[in-house]
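S.K.: Provided below for reference: sequence and predicted model.
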Amino acid sequence: MPIRLFCLRLSAAGIDLLTGAVLALVLSRSSVGYFFATRAVIMLRIGRADTIWKGPVPMMIGIFGPFVYVLPLAILLVLLSEPVTGSSPGKRVMGLKVVPPDNAVLSRAMLWRRSAIKTSLFWGLIAALLSGSWVLALCSVIVGCALLCSMVLTLIFPVRPIHDVLSHTCVARVASG
């Protein structure tokens with residue numbers, strides 16, 4: 001992947017994350033934010049004697065609790081705009097679009113498969129919060145790290161990220177004019 005396209009994709013991802021953070025701020029002031037914060041207290045066993053989550057660390061996280069714990073949901077909602085509308089907010093701003101690598105027809109199935117792989121970290125974190133499962137949270141973080149590593153490897157080797165390979169898609173710059 002050329003460095004210019006990587007920088008455009010990185011900028012688009014940054015815009016998507018910023019959009020997700022703004023949405024998380026809005027959601028954190030609602031009952032959704034407090035619901036996720038309550039679920040996190042249960043999952044992390046915050047305040048119990050048999051856990052590491054005691055003292056100043058959980059107090060500091062508690063200050064931002066509703067925002068921190070609703071952030072995966074907000075980012076997921078922003079990223080799910082891609083298979084629904086054809087591009088994420090960041091891709092639209094940066095002039096990028098998802099296309100099949102062989103100039104075939106881009107199907108909704110390809111977009112949903114790509115999105116499911118790309119957002120697996122956020123699906124896993126939300127499911128972990130709702131179920132109270134540390135194992136699921138850890139597994140989703142490992143998958144998220146693997147996806148991030150595949151993106152970094154595109155700088156070193158001429159390969160596509162794993163979510164593009166598995167969904168038979170790639171990202172291209174929209175021709176202007």
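M.R.: Sure, I can see it.

S.K.: burial of P101, as a residue count?
M.R.: As a burial measure, the neighbour count of P101 was computed by other Cβ atoms under 10 Å and equals 12. Every C-beta, even on glycine, is put in place using the N, C-alpha and C of the backbone.

S.K.: so it belongs to a helix, correct?
M.R.: No. Counting by DSSP: H, G, I helix; E, B strand; the rest coil, P101 is not part of a helix but coil.

S.K.: how about it: what's its closest non-neighbour residue?
M.R.: With Cβ to Cβ, 6 or more residues apart in numbering as the measure, C170 is the residue that lies nearest to P101, at 4.6 Å, once sequence neighbours are left out.

S.K.: same question, R160
M.R.: Take R160 and drop its neighbours on the chain: the residue closest to it by Cβ to Cβ, 6+ apart is C170, 5.7 Å away.

S.K.: now that neighbour: how far from K97?
M.R.: 10 Å (Cβ to Cβ, to the nearest Å).

S.K.: cool, and W123?
M.R.: Between W123 and K97 the distance is 24 Å, computed by Cβ to Cβ.

S.K.: tell me the buried residues in the strand or helix carrying I142?
M.R.: According to DSSP states H and E, I142 maps onto helix 134-156. Using 16 or more other Cβ atoms under 10 Å as the test for burial, helix 134-156 gives L136, A137, C139, S140, G144, L147, S150, M151, T154.

S.K.: select the longest helix from the chain.
M.R.: Counting residues, the longest helix found in the chain (DSSP state H) is helix 3-28.

S.K.: so how far is that helix off the chain centroid?
M.R.: Put simply, helix 3-28 sits 9 Å off its chain's centre (Cα atoms, centre = their mean, to the nearest Å).

S.K.: mind listing what's buried along it?
M.R.: So, applying 16+ other Cβ under 10 Å, buried residues of helix 3-28: 5-6, 8-9, 12-13, 15-17, 19-20, 23-24, 27-28.

S.K.: repeat for stretch 101-113
M.R.: So stretch 101-113, judged by 16+ other Cβ under 10 Å, has buried residues L106, M110, L111, R113.

S.K.: pull the CA atoms of stretch 78-91 into CSV?
M.R.: Output of stretch 78-91 as CSV, limited to C-alpha atoms (Å, rounded to 0.1, in the frame of the first residue of the first chain):
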residue,chain,number,x,y,z
VAL,A,78,-20.0,5.2,13.5
LEU,A,79,-18.2,2.3,11.8
LEU,A,80,-21.5,0.5,11.0
SER,A,81,-22.3,3.5,8.8
GLU,A,82,-19.8,2.1,6.2
PRO,A,83,-21.8,-1.1,5.2
VAL,A,84,-25.1,0.8,5.5
THR,A,85,-24.1,3.9,3.4
GLY,A,86,-21.1,2.6,1.5
SER,A,87,-18.5,4.7,3.4
SER,A,88,-17.7,5.9,6.9
PRO,A,89,-17.6,9.6,7.8
GLY,A,90,-13.8,9.6,7.7
LYS,A,91,-13.7,7.9,4.3
